[in-house]
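[1] Need a 3D model of the sequence below.
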Amino acid sequence: MTTDKWNASQLPDLTGRTAVVTGANSGIGLAAADALARAGAHVVFAVRDPERGRTAAATLTGSTEVRRLDLADLSSVREFAAAWEGPLDLLINNAGVMMLPEQRTRDGFEMQFGTNHLGHFALTNLLLPYLTDRVVTVSSGLHRGGTGVIAFDDLNQAANYNPTRAYAQSKLANLLFTLELQRRLTESGSAVRATAAHPGYAATNLQSHAASPLSRAFMKLGNRFMAQDDKAGALPTLYAATQDLPGASYVGPDGFQELRGAPTLVGRSAAASDPEAARRLWTVSEELTGTRFPLDAALRG
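    Numbering: from 1, shown residues only. Have a look, this model is predicted:
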């Protein structure tokens, strides 16, 4: 039986190319790293725990290395970027935390916003001078949840913290970041493209850290009976990283409610398509992280 649905066997030959995958030690990050390495890429595991990263990397076939990166600590992000040398073809902003009890990053940001958005924002800007092809940022269908907009007056959710709302905001931020990054890349004349993806409902350990015991129990059942596996969940990321798509494209599963299926271009909320919100978020993110778009000099001509 044959199918025309896209899968990892259709990845192009990536020999000679280098990919950084954040959070590559488990879940869809590991599945994406595995597929990229099998296609010939040299894959850098950018992970908080190098020992766990090395254990995971040892299970792969292909060229890999492990480097420490803690997205909840901007000094770690800067150290990772400062140590980088040579061209970087693909940056996969995959790592994330989900629906945690209220916590703060080392720099004082709400943990989900700080890790899922600000850490990747800083990392991307610091690595952009080396990038040659693609930045893929993993969002979620839950970007439509919460209040549905960025709470610019309370980004840290300090007034009334809600784990689900904070997660939804961080995933909305991922899409606005991709939108504004692509605008800036286009205006600077860069050939690098920014895309986004979401895995649908994929069974990973991401859901196991939810603040609510009821949520954890529900998601455990969902992982067992409803979700697709991590390899299928990684397909939208791989598609967004390697296929000839327009900048700012958003890829997800083609099945019911985008929960599972083969990768395809999908829609996003109106808030995730708002260019003014994207620019405002970018400006705020620059202020919070102390990083800037490195091609601004080209924009100034």
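[2] For Ala83, see how far away Gly96 is.
    Going from Gly96 to Ala83 by C-beta to C-beta, to the nearest Å gives 23 Å. Any C-beta I mention is one placed from the backbone N, CA and C, and that applies to glycine too.
[3] quick one, helices of the chain?
    27-38, 50-57, 74-82, 111-112, 120-127, 163-188, 213-225, 230-242, 275-289, 296-300 (DSSP state H).
[4] Dump the ones you listed into CSV; add mean pLDDT and distance to Phe152 as well.
    As requested, these are exported to CSV (pLDDT from 0 to 100; distance: least, C-beta to C-beta, whole Å):
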stretch, mean pLDDT, distance to Phe152
helix 27-38, 97, 30
helix 50-57, 98, 35
helix 74-82, 98, 20
helix 111-112, 98, 16
helix 120-127, 98, 15
helix 163-188, 97, 10
helix 213-225, 48, 27
helix 230-242, 97, 27
helix 275-289, 98, 7
helix 296-300, 51, 22
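[5] quick revisit: Gly96 and Ala83: which has the busier surroundings?
    Under the criterion of other C-beta atoms under 10 Å, the comparison of Gly96 against Ala83 puts Gly96 first, with 27 against 9.
[6] quick one: pLDDT of the more buried one?
    The pLDDT attached to Gly96 in the predicted structure is 96.
[7] With adjacent residues omitted, what lies nearest to it?
    Asn116 (4.7 Å; C-beta to C-beta, 6 or more residues apart in numbering).
[8] Same question for Gly252.
    Taking C-beta to C-beta, 6+ apart, and ignoring the residues beside it in sequence, Gly252 has Val266 as its nearest neighbour in space, at 3.9 Å.
[9] so who does the residue nearest to Pro129 when sequence neighbours are not counted touch?
    Leaving aside its chain neighbours, Pro129 sits nearest to Pro294 (5.2 Å; criterion: C-beta to C-beta, 6+ apart). Going by C-beta atoms under 8 Å, 6 or more residues apart in numbering, Pro294 touches 125-126, 128-129.
[10] ok, now Ala57?
    Applying C-beta under 8 Å, 6+ apart, we find Ala57 in contact with 24-25, 33, 43, 45, 64-66.
[11] Same question for Arg67.
    Counting by C-beta under 8 Å, 6+ apart, Arg67 makes contact with 44-47, 50, 80, 83.
[12] Quick check: the two most widely separated of the contacts of Ala57?
    Asn25 and Glu65 (12.9 Å; C-beta to C-beta).
[13] Now for the two: what residues contact both?
    45, 57.
[14] okay, the two: which has more neighbours?
    Asn25 (24 against 13).
[15] any idea how far Tyr161 lies from Asn116?
    The gap separating Tyr161 from Asn116 is 15 Å, by C-beta to C-beta.
[16] now do Leu175
    Here Leu175 is placed at a distance of 11 Å from Asn116 (C-beta to C-beta).
[17] more neighbours, the two?
    A count of neighbours by other C-beta under 10 Å puts Asn116 above the other of Leu175 and Asn116, at 30 against 24.
[18] I appreciate the help and will end here.
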